[in-house]
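**Student:** The sequence and its predicted three-dimensional model are supplied below.
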Amino acid sequence: MASTSSTTHRQFTFFDVETVKDIHDSESCPEIFRNAPEISAMTSSTAGLVVADIHGSIHILNQSFVSVASWVAHVGGRVTHMIERQGTLVTIGEEDNVRSAIMKIWNLAKVDKRTNGPSLLRSAKVQPSGKPHPVSCIALTSDIAFLAIGLADGTVLLYRHLDQSLASASGSLTTLPKPRVIHEIPTEPVTFLGFTTSIPTSLSPVDGSLSQDANNHTNHILNLLIITTSSTYSYPLIPKVSSPSSVLVDEIGAGLQCACVDWKGRWVALGREEALYACAVSGRIGSYALEGEKKSLHTHLNYVVVVLPAPFPPTAAATTTPVSNQRKFGAGGAGMVPSATTGVPAGVGLLSSSSSEVARVVLVDMENKLVAYTGNFEGGVRDAISAWGHVYVIGNDGKLTRLIEKPTPDKLSLLYAKNLYSLALSVAQTQGLDTTDVHRHHGDHLYSRGDFEGAMREYINTIGGVQASYVIRKFLTARLTPLLMTYLQELHARGLAHAEHTTLLLNAYAKAGDVARLDSFVRSEGRVFGAEGPVSAGRVEDMAPGDGLSKEPPFELDTAIRVCRQAGFFAHAAYLARRWGRHDDYLRVLVEDVGDSSVELTLGGTRRSPGTKNEKGDERKTEINGYSAAVSYLREVGGDCAESALTHYGRALLDHLPEETTQLLIDLCTIAGHLPESSPPEHIPRTHTKVPGYLSYLALSRAPVVPPALSAGDEALVAKPPGVAKEIGEGSTEEDKGAGTSGHLRVTSASPGPTHVKDGSQVPRRPSPTLFFAHFVDHTTHFVRFLETVACRRWGQSLEGAVAVEIPGSEDDESERRDQAAAWNTLLELYLTENQSEGDKEKAKALRLLRSSHLPYDVTHALILCSSYSYAPGLVLLWEKLGMYEDVLRFWMDQHNSGVRAVMESGDSGAGILSSPSAQVIAALRQYGPGRPHLYPLVLRFLTSTPELVSAHQADLQEILELVESEHIMTPLSVVQVLSRNNVASVGLVKGWLMRRITEGQEEITTDYRLRSSYRSETESKLKQIEELTDTEHPKVFHVTRCSQCDGQLDLPSIHFMCNHSYHQRCLLDNDTTCPLCEHQHGVVQEIRQNNARLADQHELFLSEVRENGFRAVASGFGRDWLQLAWDDTPSTHPDGISSI
């Protein structure tokens, strides 16, 4: 064979050759191929290899080439064509006494018990007209929907909806869809039919149109390519068109068996003497130069199996038979006997050659323009077929040869050895393999030759498949740093970079001083982009917090920010932190890195905001103070971010910007939602007084720091509130509008704060002011202003009274009460702090706070504070509120005992008068004494403790003694005992009072004697009366003559009672056995006795009375007859039982 030079250089041996032997006889070929000339047709199927012979029988072979099923398909004839799809076998053959070809359709999955062969589904003649014509080719779609049959007279028959006809159980064996003649040119016999499912434009393996699978009908494209001896036509099937007809595609054709369909159903390969051509619906799309007569073409994966004569005959006998330049239809050779019925050569389905012929088999990869195998076969080739992933070549002598493709790594190694990396890439792409290894080998080759830029281009294609360290180690030298930066940038762009890669890239930027590329890197987008392109924001101030369209950055954000800070690129670190919503990092840059110094936060080559150019048009540097920018930023984002950041950086901001920071804290704690851009602070003198320990009683200063805000993500991309960023078209410059049209969105990752769901809507929650108390340790004045303003604006509380404010319903009532108490407790402590300039004013505020009833301070805590700061008015006021009046008296007594001779007595107006502690004791007793008798002994002991007090308060002593006497607060003996405990008080001091008390006592004794005498006489009278009543020996004489009820003269019948009361019988009620006049009096006595009897069992009550006053309790017990009931269980027979008479 003469071949072109280009082909010669692309010939490889990708296949190994193996001879297949019979499973039972290893010295010979498989039994079924020993008589090869009798094989008329072969095809591969899902059931195995299907082989038909000239006797009309069909055999199904397994991989050992042993027949597993056999049956007679065409009786008395032969099988000329076979094709199988999805277990359905279509055969066309000849039978005795039938002039036309017979088509039969078999179900290979179902066995007919009568014939032990597959079930016959349909059987019909192929005869479109009255005159029969031989069948030249057959084609069937993978879904069995379309069947095409080509005839030798140039006619093509098409059966539509064949699958539906076969699925119908009602049809008979001859029921088939009516065939339609879709092509008819008598002068051009049809030699091949093939269905294609795509419309490729080239043979390139990376062509997008070639990526469709032959069985994939998702695009709903199906065409039938019709090959004749001189032309190629196309007939559209799907999508269906009106009045379809065959269209000429190319003016080249092919002989019988010299065409095949691509393995993916994209195009048809035509074998002509000068070359192989690829024709698709769009026309000729490629060719491969392969000279020589083509005997047959077959498809095996991405290869075209070409059978052609050997380039030179091995013997002289083989050269005696001339070979025509092109095999025409019907040109038979040796071994092809014409059929008596149809005139078609007997071996039309297979090759025929003389036994001395030497055939050559070539496997061509037309997409990659290479020959994968070339081999000569002595004795000629009967057929070649692709089955079970291999190519099988059957010789005329029955010899069976298997061509086994080498593994892909071995094939690529062959190409690597010849430095054919482009071809290796094409081969890998054709077979749908990963091309990473190809790019790596190609890159290594270029690197070894010194082509570092080319090597880097290849290494970039290995990202994701090759360890990045493999490439990085090769480019660590200084002169290769730009290429290394390119690789690392691509690694980040694909989201495959680690923290170490980010560190290396940024250090490379710093080492090379390439600020422009650093700017481009920090502005790069992540793996998820917006619909309108990347963001074009340059200045940090022009971005909203969390600005950016992608869900995550294309690099390790923490590492990038850290390295930029370490390298001094504060603007880039701030840009990254602000853009991706890393509020903590952004504030860390401003506060810890920038601080008091001014820094330019503008990235080079970025969009400028209005006003950043001077009169000459040059860019002005935008320098800002770190603390000022931090305060402005926190006011902008608000919510959780501001709360967390101020908890961490509040003290530093207060040290440098006390007014602005205090106002920010006030707004944050009082405004629910987004904060205003600025709030003018009230004028407060900047007086800094260090008072250590005024938060010593508050554990609130030790509250944990609020967790940092969420990083940029799905939850963090919250729309920026109105007023923070300008809307495009409203107050924006043309430059801003341009940025807006490019997809620049303003978003923020800081929500307005924790929300509370109320009535289906979310209401922002304000942070607790106690979180920021610890920051005001060195800023007392600002702390007072902060607490007073927060209390007024948040809770409507002030020293002047309640203020009407709107309180959101999202606040937790319990936590709010705790915060209110903490705020006013701290304010009280601040008021009590000594301040030389405003001490009296602050003390007055403290007293007003303690006197107020609407302020929710903690009384116990306030008592501790007043005690710690020795604030007497506050202590007295709090003791009064707590009802601790004895503590008030003892306080003033302690003041007198400690040597204090004069104290300031506060009035309602805040002014005070001097007064002695002892006078305060007397005043307190006058105020608290009524209703509290235990205070008088305490004051008496105090006033008689020293001669000075006795001499100074003689009148007060007399007043107290008179009050004790009038209110019976103390007995004379108790007074004497109090006054006689020392030698300070004399008898003369209380002589008059004692004489009056003795006289009153004697009068009480006299009165008691009289009462005793009357009780005795009454008792004697009662006892005598009882004795008379109980005397049964002397009759009772009634002398009453008038009725005690009606005062009328008594007449019979009358009733007399022992109590000397008599009544008419008519004046008494029925069954009334008691005296009506004495019944009530006796009932009261009985009730008293019953109550006494019931109380006699309540021992705990009696014991408690004994503990209070034992004598009185025992005497009362005898009087109530308790003690007698206790030791006498018998019923009482006391003579007082008058009611029983």
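**Tutor:** Arrived safely, thanks for sending.
**Student:** What ranges in the stretch 651-800 of the chain fall below the confidence cut-off?
**Tutor:** Counting by pLDDT under 70, the ranges of the stretch 651-800 of the chain that qualify are 678-763.
**Student:** Try it again at 90.
**Tutor:** 652-653, 661, 664-781, 783, 787, 789-791, 793-800 (pLDDT under 90).
**Student:** So the closest residue to Thr408 other than its chain neighbours: helix, strand or coil?
**Tutor:** Spatial nearest neighbour of Thr408, excluding adjacent residues (CB to CB, 6 or more residues apart in numbering): Leu433 at 6.1 Å. Heads up, the C-betas are built off the backbone N, CA and C, glycines and all. Here Leu433 is recorded as coil under DSSP: H, G, I helix; E, B strand; the rest coil.
**Student:** Near Leu433, how many other residues are there?
**Tutor:** 14 (other CB atoms under 10 Å).
**Student:** and it, what are its phi and psi?
**Tutor:** phi -100, psi 160 (degrees, to the nearest 10).
**Student:** ok, it to Gly389 distance?
**Tutor:** 16 Å (CB to CB, to the nearest Å).
**Student:** How about Gln429?
**Tutor:** Distance from Gln429 to Gly389, counting by CB to CB: 20 Å.
**Student:** Show me which of the two is the more surrounded one.
**Tutor:** Taking neighbours as other CB under 10 Å, Gln429 and Gly389 compare with Gln429 leading, 20 against 9.
**Student:** quick one: secondary structure of the more buried one?
**Tutor:** Applying three-state DSSP: Gln429 is helix.
**Student:** I'd guessed it sits against Thr435; true?
**Tutor:** Yes: if you go by CB atoms under 8 Å, Gln429 and Thr435 touch, sitting 6.2 Å apart.
**Student:** Only C-alpha atoms, please: export stretch 304-311 in CSV.
**Tutor:** The C-alpha coordinates for stretch 304-311 follow below in CSV (Å, rounded to 0.1, in the frame of the first residue of the first chain):
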residue,chain,number,x,y,z
VAL,A,304,-13.0,2.1,11.5
VAL,A,305,-12.0,-1.4,10.7
VAL,A,306,-10.9,-1.5,7.0
VAL,A,307,-10.3,-4.7,5.1
LEU,A,308,-8.3,-4.3,1.9
PRO,A,309,-5.8,-6.3,-0.1
ALA,A,310,-2.2,-6.5,1.0
PRO,A,311,0.1,-4.0,-0.7
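**Student:** Just the mean pLDDT for it, thanks.
**Tutor:** The pLDDT scores in stretch 304-311 average 89.
**Student:** from here on, count from 2
**Tutor:** Got it, first residue is 2 now, which makes that one stretch 305-312.
**Student:** Mind listing what's buried along that stretch?
**Tutor:** Of the residues in stretch 305-312, Val305, Val306, Val307, Val308, Leu309, Pro310, Ala311 count as buried by neighbour count, 16 or more other CB atoms under 10 Å.
**Student:** can you check stretch 467-474 too?
**Tutor:** Applying 16+ other CB under 10 Å to stretch 467-474 flags Val467, Ala469, Val472, Ile473 as buried.
**Student:** Can you list which of these are found in helices?
**Tutor:** Ala469, Val472, Ile473 (DSSP state H).
**Student:** now, which of those sits nearest Ser525?
**Tutor:** Ala469 (17.4 Å; CB to CB).
**Student:** For the nearest residue to the closest one once chain neighbours are set aside, grab the count of nearby residues.
**Tutor:** Excluding the flanking residues, the one nearest Ala469 by CB to CB, 6+ apart is Leu492, at 5.9 Å. If you count neighbours by other CB under 10 Å, Leu492 ends up with 24.
**Student:** quick one, strands of the stretch 952-1101 of the chain?
**Tutor:** Ranges of strands in the stretch 952-1101 of the chain, per DSSP state E, counting those that start in this stretch, are 1055-1057, 1063-1065.
**Student:** Deepest-packed of the ones you listed, please.
**Tutor:** Of these, the one with the most neighbours on average (mean count of other CB atoms under 10 Å) is strand 1063-1065, at a mean of 20.
**Student:** Helix or strand, whichever it is, which one in the protein has the lowest mean pLDDT?
**Tutor:** For the chain, the helix or strand with the lowest mean confidence is strand 719-720, at a mean of 32 (criterion: mean pLDDT, DSSP states H and E).
**Student:** returning to what we had before: between the buried residues of stretch 305-312, which is closest to Ser130?
**Tutor:** Checking the buried residues of stretch 305-312 against Ser130 by CB to CB gives Val308 as the nearest, at 34.3 Å.
**Student:** in what helix or strand does the closest one lie?
**Tutor:** Per DSSP states H and E: Val308 is located in strand 304-310.
**Student:** Each with direction, which strands does that strand pair with?
**Tutor:** strand 297-301 (antiparallel), strand 359-366 (antiparallel) (DSSP bridges).
**Student:** which other residues reach it?
**Tutor:** With contacts defined as CB atoms under 8 Å, 6 or more residues apart in numbering, strand 304-310 is touched by 2, 261, 270, 272, 277, 291, 293-300, 324, 352, 358-367, 373, 382, 385, 387, 392.
**Student:** Tell me the buried residues within these.
**Tutor:** Listed as buried from those are 261, 270, 272, 277, 291, 293-300, 352, 358-367, 373, 382, 385, 387, 392; burial here means 16+ other CB under 10 Å.
**Student:** pLDDT at Val516, what is it?
**Tutor:** Val516 carries a pLDDT value of 85.
**Student:** let me fix that: Ile93
**Tutor:** Predicted confidence (pLDDT) for Ile93: 92.
**Student:** ok so, going back, out of the ones in helices among the buried residues of stretch 467-474, flag the one nearest to Gly569.
**Tutor:** Ile473 (24.5 Å).
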